[in-house]
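1. Here's a sequence, model it:
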Amino acid sequence: MATLQTIRTRAGLLVAIVIGISLAAFILGDMFQGGSSLFQGDRLEIGEVEGQSIQYPEFQQQVEELGEIYRMNTQESQLDESTWVQVREQAWQNNVRRIIMDDVYENLGVAVSSEELFDMLQGTNLHPIVQQLFQNPNTGQVDRSAVIRFLQNLESGAVAPEQREYWLYLEDQIVEQRIQTKYNNLVGKGLFVTTEEAQNSLEAKNKQVSFDYIALSRNTVADSQVVVAEKDLKDYYNANQENYRQEKNRNIEYITFPVTPSDADYEDAQQWVTDAVSDFASAEDNVAFVNSNSDVSFDNTWYKQNELPADIATWIFEGDAEVGDIFGPYFEDEAYKLAKLHASEMMPDSVEARHILLQVNTQEELLSQQELADSLKTAIENGSDFGELAQEYSADQGSAIQGGELGWFGRGQMVEPFEEAAFNNDINEVTVVPSQFGIHVIQTTGRGDLSRQVQVAYLVRNVVPSTQTYQNVYARASEFAGEVTNKVEFDAAVEENDLNKRAASVRENDRNIAGLENARPLVRAAYESKEGKLLQDTQGSTIFDLGDNFVIATLASATEEGIADFESVRDRVELAVMREKKAEFLKEKASAAMEGKTDLAAIASELDATVESASNINFNSVQIPGVGMEPAVIGTATTLDADQISKPVTGNSGVYIVQVTSVTEGTNQDVESEQMQLAQNLTFRAQSEAYNAHREIAEIEDQRAKFY
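-> Prediction:
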């Protein structure tokens, strides 16, 4: 469904032409205006990194070039919107990395020389990308002569423009990858693990403790048992402001007017199918008739009785239906349908076959390979050994070594032309058929048990909202929109009309809102609106056409990037302070219970608690079994001697008292190996963290949301 878009599309080409001319006039007019021209630098700035502006025209060109690379890699003629989102994101990240790191590389003298690039592209140390591109599929070896020929053709202009662009893109990627590797290695080599660090790491791994503990949960302390003053809240907030850093965010509230089929739409669909019965019954070419008139294309699958819907199966297999008979009209899956028995045959469930695949890469090869296929077919029919011919000629190496044998297979396991030939052949019959993989010489060597199978032609009319239905729903949305101008009126109208108001929190570059299709326009509008106002689309309308919904929304609240103000996070601060106060309360209670006692069970009895146990814990352990993440408790336990009782320790979920019951020291004393392992870990971390460290301190302003 497409709501207003459907209405606009049905309005015809003339509207599109008029809109196109008007838009062109607007853009051209704005080009020649001064002052706030659309084409001023600040208006076209899509972002800024370290003071360097990224302009929309250049960025969009990069996106288009990268999109072309995506198309070539995926062999898709068009990219869908989700892929374009990925392409734009990659283009943005490429720009950010380039701007941030270029100065770093230059200052350090990190670069790739022309000699080094030559070696990677055609020398003795070919880059893996080049190796993959020019690998001989039969031998698995790199065809160096093919590399040289390609580069010579590249210089002479004998390659297609898109191939040239693709190669230049790969060259850039190879250079960038090598520079990054050099830089990461440089950082990694600059990291050093001391002997003392390695020794401490070994001791942490070697020492294992088992301990008993008492856990006092914060949940046992009532809020009324602690006092939280305003000063406590302010002091905590001021000391922990980084915990309340927030992203730019918008909270919207909205209502939807779903566009669903009306009773009249159901009646129209049913009448259409009813009127089509006689034409469908008399149609001689069921495939053409269905493909020309049905909302669902012809399905050429052969079905057995248990694979069809129950009512259709009963009509065909238990009734007296003959080829050409009609079943229906009937209603199913929001559609009115007619079913026509298209074909009925006794067919095998599976077949055994073998084949020879001849690959086709050019139009010239098609002719020669077709002649070869016909020759092979004749030779096989005259007694030539199929297996020997398969080993000599077949491009399907997996089956060729087996003499072309594919074994037994059922319906739906092979591409359609291959399947039809294999199942329609008699035993030992040879057929030549083309597919997307090339030309196949197929011989069926076995046929399974026969059973009745049928093809059914379905004439389907989906029940969808009509233009009138779209207009009726839009009229209701317009009536509501005409009554409200701000959030106060919006809320009052929602309550008065007993409508279901929804809420969503969106970031600036978000594209999706749960339950709404193509929600990007609504997100952009949220960032262009003011609190308490209704959101407007680019034409100034407060009604958004989002898939199968008309949406009216208001901006409930907005937050900007930075430290949240105290009042906006008061509840979170109060919860954090309350946790601290309850921990202090429990620590005082535990300390009082511990006075004069050296037995953990006695302390537990005083606290009305139980003693639990944990075994084989070392300093590197991440959690206590049955408890969860408690690094402070683990750290305390691993520093205690046997039988020693700790002071009360504040953990994530409460306050703990720990007594170590046993200490086991490991025997690994290989400090040198530990030192090497730690150094390797640091080098590995450098590969990702070196760039991230530069990125974190860089000044990056992302304004893509203005354009996409």
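
2. just checking, Asn518 is part of a strand?
-> No: counting by DSSP: H, G, I helix; E, B strand; the rest coil, Asn518 is located in no strand; its state is coil.

3. I'd like to know how far it sits from Thr467.
-> Distance of Asn518 to Thr467, computed by Cβ to Cβ, to the nearest Å: 20 Å. (Each C-beta comes from the backbone N, C-alpha and C, glycine too.)

4. Name the residue in these two with the higher neighbour count.
-> Higher neighbour count among Asn518 and Thr467: Asn518, with 16 against 11, using other Cβ atoms under 10 Å.

5. residues in contact with that one?
-> Contacts of Asn518 were listed using Cβ atoms under 8 Å, 6 or more residues apart in numbering, and they are 546-547.

6. what about Pro461, is that helix, strand or coil?
-> To be clear, residue 461 is Arg; Pro isn't right here. In three-state terms, and counting by three-state DSSP, Arg461 is strand.

7. who's it bridged to?
-> On the basis of DSSP bridges, Arg461 is bridged to Tyr336.

8. Now do it against Asn184, distance only.
-> Taken as Cβ to Cβ, the span from Arg461 to Asn184 is 61 Å.

9. Just want to know which of those two has more residues nearby.
-> Arg461 (22 against 19).

10. The more buried one touches Val296, doesn't it?
-> No: the pair Arg461 / Val296 is not scored as a contact, 9.5 Å apart, by Cβ atoms under 8 Å.

11. Please identify the buried residues of the helix or strand containing Phe550?
-> Counting by DSSP states H and E, the element that carries Phe550 is strand 549-559. Of the residues in strand 549-559, those with enough neighbours to count as buried (16 or more other Cβ atoms under 10 Å) are 549-556.

12. can you check stretch 429-445 too?
-> Buried, per 16+ other Cβ under 10 Å, within stretch 429-445: 430-434, 438-445.

13. next one: stretch 46-55
-> Under the neighbour-count criterion of 16+ other Cβ under 10 Å, stretch 46-55 has 46-47, 49, 54 buried.

14. so how far is Tyr266 from Leu376?
-> The gap separating Leu376 from Tyr266 is 57 Å, by Cβ to Cβ.

15. where in this protein is pLDDT low?
-> 1-41, 137-138 (pLDDT under 70).

16. starting at the chain centroid, how far to the strand holding Phe550?
-> Centroid separation for strand 549-559 versus its chain: 26 Å, with Cα atoms, centre = their mean, to the nearest Å.

17. cool, and stretch 447-465?
-> Mean-position distance between stretch 447-465 and its chain equals 34 Å (Cα atoms, centre = their mean).

18. Pull it out as PDB, backbone CA atoms only.
-> Listed next in PDB are the C-alpha coordinates belonging to stretch 447-465 (Å, rounded to 0.1, in the frame of the first residue of the first chain):
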ATOM      1  CA  ARG A 447      12.900 -42.700 -12.300                       C
ATOM      2  CA  GLY A 448      11.200 -43.100  -8.900                       C
ATOM      3  CA  ASP A 449       7.700 -44.600  -8.300                       C
ATOM      4  CA  LEU A 450       5.000 -42.800 -10.200                       C
ATOM      5  CA  SER A 451       2.200 -40.900  -8.500                       C
ATOM      6  CA  ARG A 452      -0.400 -38.500  -9.600                       C
ATOM      7  CA  GLN A 453       0.800 -34.900  -9.600                       C
ATOM      8  CA  VAL A 454      -1.000 -31.700 -10.700                       C
ATOM      9  CA  GLN A 455      -0.400 -28.100 -11.700                       C
ATOM     10  CA  VAL A 456      -3.100 -25.600 -10.600                       C
ATOM     11  CA  ALA A 457      -3.600 -22.200 -12.200                       C
ATOM     12  CA  TYR A 458      -4.800 -19.600  -9.600                       C
ATOM     13  CA  LEU A 459      -6.500 -16.400 -10.600                       C
ATOM     14  CA  VAL A 460      -6.100 -14.200  -7.500                       C
ATOM     15  CA  ARG A 461      -7.600 -10.800  -6.800                       C
ATOM     16  CA  ASN A 462      -6.100  -9.300  -3.600                       C
ATOM     17  CA  VAL A 463      -8.400  -7.200  -1.500                       C
ATOM     18  CA  VAL A 464      -6.600  -3.800  -1.300                       C
ATOM     19  CA  PRO A 465      -7.900  -0.300  -0.500                       C
END
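
19. more neighbours, Leu376 and Tyr266?
-> Shown here are Leu376 and Tyr266; by other Cβ under 10 Å, Leu376 has more neighbours (23 against 14).

20. Confirm for me that that one is in contact with Val441.
-> Yes: with contact defined as Cβ under 8 Å, Leu376 counts as touching Val441 (5.0 Å).

21. Mind listing the shared neighbours of these two?
-> Common neighbours of Leu376 and Val441, counting by Cβ under 8 Å, 6+ apart, are Ile356.

22. mind checking which helix or strand Ala395 is in?
-> Taking DSSP H and E as the definition, one finds Ala395 inside no helix or strand.

23. what's the domain layout of the protein?
-> For the chain, the structural domains run 114-189, 208-245+569-664, 249-260+466-560, 263-347, 357-445, going by automatic domain parsing.

24. To Met676, which of those domains lies closest?
-> Met676 lies closest to domain 114-189 among the domains of the chain, at 13.1 Å (Cβ to Cβ).

25. What count of nearby residues applies to the closest residue in space to Ala395 that isn't next to it in sequence?
-> Using Cβ to Cβ, 6 or more residues apart in numbering and skipping the chain neighbours, the partner closest in space to Ala395 is Gln359 (4.3 Å). Around Gln359 there are 12 other residues, counting by other Cβ under 10 Å.

26. measure Gln359 to Arg164 for me?
-> 26 Å.

27. for Asp143, same thing?
-> 20 Å.

28. and what of Phe317?
-> To Arg164, Phe317 is 61 Å away according to Cβ to Cβ.

29. same check, this time on Asn518
-> To Arg164, Asn518 is 36 Å away according to Cβ to Cβ.

30. Just grab the bridge partners of the closest residue to Ile99 other than its chain neighbours for me.
-> Spatially, and ignoring its direct neighbours in sequence, Ile99 is nearest to Val49 (4.3 Å; Cβ to Cβ, 6+ apart). Val49 has these beta-bridge partners by DSSP bridges: Gln52, Ile700.
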